[in-house]
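Engineer: got a predicted structure plus its sequence, pasted below:
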Amino acid sequence: MTTILLAVAALFALAAVFGALLGFASEKFRVEGDPIVDQIDALLPQTQCGQCGHPGCRPYAEAIASGEEHNRCPPGGETTVVALSELLGREVLPLDAEEGSAGDIKRVAVIREDECIGCTKCIQACPVDAIVGAAKLMHTVIADECTGCDLCVEPCPVDCIDMVEVAPTLNTWHWQRPPGIGRKPDNQIPVVNL
Amino acid sequence: MNASIGKPRPLFDFHGGIHPPQNKELSNQRPIRQAPLPEQLILPLNMHLGAPAKAIVQVGDRVLKGEKIAEAQGAVSLPVHAPTSGKIIAIGPRPIQHPSGLDAPCIVLEPDGKDLWCELHPLPDWQTCCPPSALVARLREAGIAGMGGAGFPAAIKLSPKPEHKIDQLIINAVECEPYITADDVLMRERAEQIIGGIEILRHILKPKEAIVGIEDNKPEAIEAMRRAATGTGIEIAVVPTKYPSGGEKQLIYMLTGKEVPSGGIPAQIGVVCHNTGTTLAIYRAIVHGEPLVSRITTLTGKALAEAGNFEVLIGTPVSSLLQAASADMNKIGRLVMGGPMMGFTLHSTAIPVVKTSNCILAATAQELPAPATEQPCIRCGSCADVCPADLLPQQLYWYAKNQDLERAQQYNLMDCIECGACAYVCPSHIPLVQYYRFAKGEVRNALQEQQKADRARVRFEARQQRLADEQAEKEARRKARLQGNKPSATPGVDVAALKAASLQASAAYKAAVKALKAAEADGSDQLAALASEVEQLKAKADAAKAAVRDAGNTPSAPVIDVAALKAASLAASAEYKAAVKAMKAAEAAGEDVSALRSAADALKAKADAAKAAVRDAGPATQSAAPSNASATAPEKSDDTAQRAQKMKALKTAFNVSHKQFKEANAALERAERDGSDNLDELRKQVERFKLKSDKAKEALNVLVDQAKADIRASGSDLKSLKIEAAQTEAAARQKARELDAAKINGDDQRINVLTRELEALKREAEVAAGALKAAIDEQGLADA
């Protein structure tokens, strides 16, 4: 009988100790908030273009976290959809984008500076402050900061903003994928069986 | 003799490697020749690894040999010097030494043929004249880049971090790639200068040992170096011929047994490694003061009649060199810069020789046949057997092909040195290196994209913050303006005095009523007298209240004392109730109650009037309230708090007017039931109240939407959102109940109206719930 009582007492003591430990740990190492939104936001391309129907990437990240489809980001393209599917454990969905809005081609806005009337409308529309200029003075786009979101094109009253494809530079160029099995690779790296 | 001859250094063999035909005898049989001066020298601004240099000359400037024409931009960058005297004839894009075939900015120099040096500052007494750091700065100014192929600025390697203690200085003279013999002949002919350069490096780095690693297929070079190194303590280590033993990491491992960590640099394990050509350039930069303006380049390949090594001015176009080596242009199958394993095909002969160009290979079609057709991987594992970096090339191929960058990186894609050994042995002719380069490029691009996205996020958030701040400032200014425009004092009527008088009168009246009640209870016969007195007092109280009311309604007084009006109204209704009670008591006592009844009726009318006054005053004060409240609020109060106040005021206004509307509606119904004759007036009143309540509701909705949008953006004020959501939901439920009731009654018109309203409410409830959810999520993160 004493053995049983001792065992019970010992178990209770253990339970109390571990309970206290767990309670302490849950207070000490509490995770504040919902880190999933941050993780989603980190995967979004941050163009802030609003094509998903949300006023920026973060609001869309929140919407995804609360159940919205994760395939509404045309600038991110398929890559982003796949990455989000992996993160969220959801099915990979086809990209929900209008035709012609290819996400893979990087573009930046370019102002035809001769035609700019200095209305500042594009400056107000730019979500990342990538356009500089002042009222009645010419505006120009900081190409390095432009996310290619398109939002400045619409407000321009004289249609002097073009979305221009970004040409590869020495810093962004990289080797293309070889054409694959059954084809001859591009004549570029000379490694051969001498 | 040197100790290294008697007791050879123990060597560590790295994994894998291949033994391709050397073909070195094509070019190492003749002494170094001077390449002819070309018509133009093309000097790319990025001959080195890192940021391109910035031109500091103008078109038309005359420059002397060795004069700086472009300066370094940033820490990892190098200047460019004029390789000969002449005139700058252009600064602009030209085809350069890059596999992309893209053009890049270059300075074009037209030599004048005089080859006049600018003033040089040699330091023959470098051991004593200046500290090592000054020597390093000089090497940087001399534009010395790693000349083995990568072009890393030598000065950076020579200034290791203080925590990296350098034990070994390794000079890479292995030159393992087939065909190339530039270092070989350099060592044969200029071993003393190379040893001199090593002495300078030892002086700067103070390593425990200095080792020169040479492959055993260069016996003349080894002999020359040993002779030159006699008595210096510099060790000449002979390594077996195996490709790619000249890889920096492979050579370090072979000579020291130490492995450079993944993604790290040799300095982390106490090793600094320099190329032979670089060592010579360092010697010339310090002892002769000459910047890096020329190099030894191997011109080889079976399409050349006079293959060999040339001392070439940096910027000499390949076409000029091919002429010097008597190339048969028809025989050239492929023109390669660099070696046959790691070089790249040139797309134009106008491309200049730069600081890193150790070899120009003009190969015939038989020497370098076109790549074979790619076949499927048969998983033979040959590539893994030869990989000098101990990777799994077949797995990397698989992931690179499918663009599974994450997995490729898990299999250490970035540690691939792109030596080409795997592609060399692949029986399926898979262009493995090109797959890895493609995948590496994708990885780097993804990293760049990520950095850009992070910057965009920061800018976006900064902009949001700025807009919010601007809005707050604007609001504060508007508030200040409003306050300035508001009249400072209430003119005319002293509402407080009036209120006091009214209260007094009503107190007197109450006392009289009490007396009347007491008399009734006592069965006194003075009831009539008392009743008349009560009526008198009541008239007085009425007058006082009316005065208070009038004062309240005076348009010149924007601040209405609603509290006073309310008190008056309460008092009036209390009077009425008391009178009714008295009447009932009198009735019970069997008295004549007609007088009392009329008094009670009068009191009722008065109480109603007082209530109406309070109601009328309500909205007026509400509209005044926000500015009133905000005036007292601290100046720095943000616009959300202000809007919350405004919303509260509007909500009260709406509630008041809605209640009024409901009451008026009830009164109308009562009147309809009683068949009263002033129905029209009542209807008008009902409509007026409805309008008012709708207006208030509209204004409120605008504010609520604004607040919701803001909350979505800013993620604050959860409480108000919760209340909002609960309220809309409750309203929707109530509407639903009303609708049910209407359905039972079968009033079609009403059902339609209610259905529409219910739908609107439901939408609102949804919006509110969504906003709440978003806010909750955001709030959680804001806390994190």
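Structural biologist: Done, it's in.

Engineer: tell me where the model's unsure across the stretch 1-150 of chain B.
Structural biologist: B:1-7 (pLDDT under 70).

Engineer: now do the strands in it.
Structural biologist: All strands of the stretch 1-150 of chain B, identified by DSSP state E, counting those that start in this stretch, fall at B:33-34, B:41-44, B:54-55, B:62-63, B:68-71, B:80-81, B:86-95, B:103-111.

Engineer: okay, those, which one's buried deepest?
Structural biologist: Across the strands of the stretch 1-150 of chain B, the average number of neighbours (mean count of other CB atoms under 10 Å in any protein chain shown) peaks for strand B:80-81, which reaches a mean of 28. Every residue, glycine included, has its C-beta placed from N, CA and C.

Engineer: what's the biggest helix in chain A, counting residues?
Structural biologist: helix A:2-28 (DSSP state H).

Engineer: quick one: mean pLDDT over that one.
Structural biologist: Mean pLDDT, helix A:2-28: 95.

Engineer: show me what counts as buried in stretch A:162-174.
Structural biologist: For stretch A:162-174, a neighbour-count test (16 or more other CB atoms under 10 Å in any protein chain shown) marks A:Trp173, A:His174 as buried.

Engineer: compute the first-to-last residue distance for it.
Structural biologist: 26 Å (CA to CA, to the nearest Å).

Engineer: also stretch B:263-283?
Structural biologist: End residues of stretch B:263-283 are separated by 30 Å (CA to CA).

Engineer: how many other residues sit next to B:His19?
Structural biologist: B:His19 sits with 12 neighbouring residues when counted by other CB atoms under 10 Å in any protein chain shown.

Engineer: one more: B:Ala578?
Structural biologist: By the measure other CB under 10 Å, the count of residues near B:Ala578 is 19.

Engineer: wait, doesn't it sit right on B:Ala511?
Structural biologist: No. Between B:Ala578 and B:Ala511 there is no contact under CB atoms under 8 Å: 10.9 Å.

Engineer: and the gap between B:Gly143 and B:Val59?
Structural biologist: 21 Å (CB to CB, to the nearest Å).

Engineer: the more surrounded of those two?
Structural biologist: B:Gly143 (28 against 13).

Engineer: is it true that the more buried one touches B:Pro291?
Structural biologist: Yes. Under the criterion of CB under 8 Å, B:Gly143 makes contact with B:Pro291 at 5.3 Å.

Engineer: quick one: common contacting residues for those two?
Structural biologist: Common neighbours of B:Gly143 and B:Pro291, using CB atoms under 8 Å, 6 or more residues apart in numbering or on different chains, are B:Pro79, B:His81.

Engineer: so can I have JSON lines of the strands of the stretch 1-150 of chain B showing distance to chain A?
Structural biologist: Formatted as JSON lines, the strands of the stretch 1-150 of chain B follow (distance: least, CB to the nearest CB, whole Å):
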{"stretch": "strand B:33-34", "distance to chain A": "25"}
{"stretch": "strand B:41-44", "distance to chain A": "10"}
{"stretch": "strand B:54-55", "distance to chain A": "16"}
{"stretch": "strand B:62-63", "distance to chain A": "25"}
{"stretch": "strand B:68-71", "distance to chain A": "16"}
{"stretch": "strand B:80-81", "distance to chain A": "16"}
{"stretch": "strand B:86-95", "distance to chain A": "11"}
{"stretch": "strand B:103-111", "distance to chain A": "6"}
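
Engineer: rebuild these as a markdown table, extending it with distance to B:Ala730.
Structural biologist: Output for the strands of the stretch 1-150 of chain B, formatted as a markdown table (distance: least, CB to CB, whole Å):
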| stretch | distance to B:Ala730 |
| --- | --- |
| strand B:33-34 | 95 |
| strand B:41-44 | 74 |
| strand B:54-55 | 69 |
| strand B:62-63 | 85 |
| strand B:68-71 | 73 |
| strand B:80-81 | 76 |
| strand B:86-95 | 70 |
| strand B:103-111 | 69 |
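
Engineer: B:Val656 is nearest to which of these?
Structural biologist: Closest approach to B:Val656 among the strands of the stretch 1-150 of chain B is made by strand B:54-55 (72.3 Å; CB to CB).

Engineer: can you tell me the strand partners of the closest one and which way each runs?
Structural biologist: Sheet pairing of strand B:54-55 (DSSP bridges) gives strand B:68-71 (antiparallel).

Engineer: what does the strand it pairs with rub up against?
Structural biologist: For strand B:68-71, the surrounding residues in contact (CB under 8 Å, 6+ apart) are B:43, B:45, B:53-57, B:63, B:79-82, B:88, B:107, B:109, B:141, B:291.

Engineer: try 10 Å
Structural biologist: B:43-47, B:52-57, B:61, B:63, B:77-83, B:88, B:91, B:105-107, B:109, B:118, B:141-143, B:291 (CB atoms under 10 Å, 6 or more residues apart in numbering or on different chains).

Engineer: what do you get for stretch B:395-405?
Structural biologist: Contacts for stretch B:395-405 (CB under 10 Å, 6+ apart): A:79, A:177-178, A:180-181, B:377, B:379, B:383-384, B:387, B:392-393, B:406-413, B:415-416, B:422-423, B:426, B:428, B:430-432, B:434-440, B:442-443, B:445-446.

Engineer: gap between B:Ala468 and A:Gln124?
Structural biologist: Applying CB to CB, the value for B:Ala468 to A:Gln124 is 15 Å.

Engineer: no wait, A:Pro75
Structural biologist: In terms of CB to CB, A:Pro75 sits 21 Å off from A:Gln124.

Engineer: same check on A:Val8?
Structural biologist: Computed as CB to CB, the A:Val8 to A:Gln124 distance reads 73 Å.

Engineer: what packs against the helix or strand hosting B:Lys648?
Structural biologist: Assessed by DSSP states H and E, B:Lys648 sits inside helix B:639-674. Judged by 3 or more CB pairs under 10 Å, 6 or more residues apart in numbering or on different chains; DSSP states H and E, helix B:639-674 is in contact with helix B:432-485, helix B:594-632, helix B:679-714, helix B:718-745.

Engineer: now the weakest link among the ones you listed, please, by mean pLDDT.
Structural biologist: helix B:594-632 (a mean of 57).

Engineer: between A:Pro75 and A:Gln124, which is the more surrounded one?
Structural biologist: A:Pro75 (26 against 12).

Engineer: my read is that A:Met161 contacts A:Gly133, right?
Structural biologist: Check again: residue A:161 is Ile, not Met. No. The pair A:Ile161 / A:Gly133 is not scored as a contact, 12.0 Å apart, by CB atoms under 10 Å.

Engineer: pull up the overlap in contacts between these two.
Structural biologist: Residues touching both A:Ile161 and A:Gly133 by CB under 10 Å, 6+ apart: A:Ile111, A:Cys116, A:Cys122, A:His139, A:Val141.

Engineer: which residues does B:Asp385 contact?
Structural biologist: Counting by CB under 10 Å, 6+ apart, B:Asp385 makes contact with B:His15, B:Gly16, B:Gly17, B:Ile18, B:Pro393, B:Ala421, B:Cys422, B:Val425.

Engineer: which ones are touching the residue lying closest to the third one once chain neighbours are set aside?
Structural biologist: Read it as B:Gly17. The spatially closest residue to B:Gly17, leaving aside those adjacent along the chain, is B:Lys242, at 4.2 Å (CB to CB, 6 or more residues apart in numbering or on different chains). Counting by CB under 10 Å, 6+ apart, B:Lys242 makes contact with B:13-14, B:16-19, B:174, B:176, B:215-216, B:250, B:254, B:388, B:421.

Engineer: look at B:Lys242 and report its pLDDT.
Structural biologist: B:Lys242 is given a pLDDT of 93.
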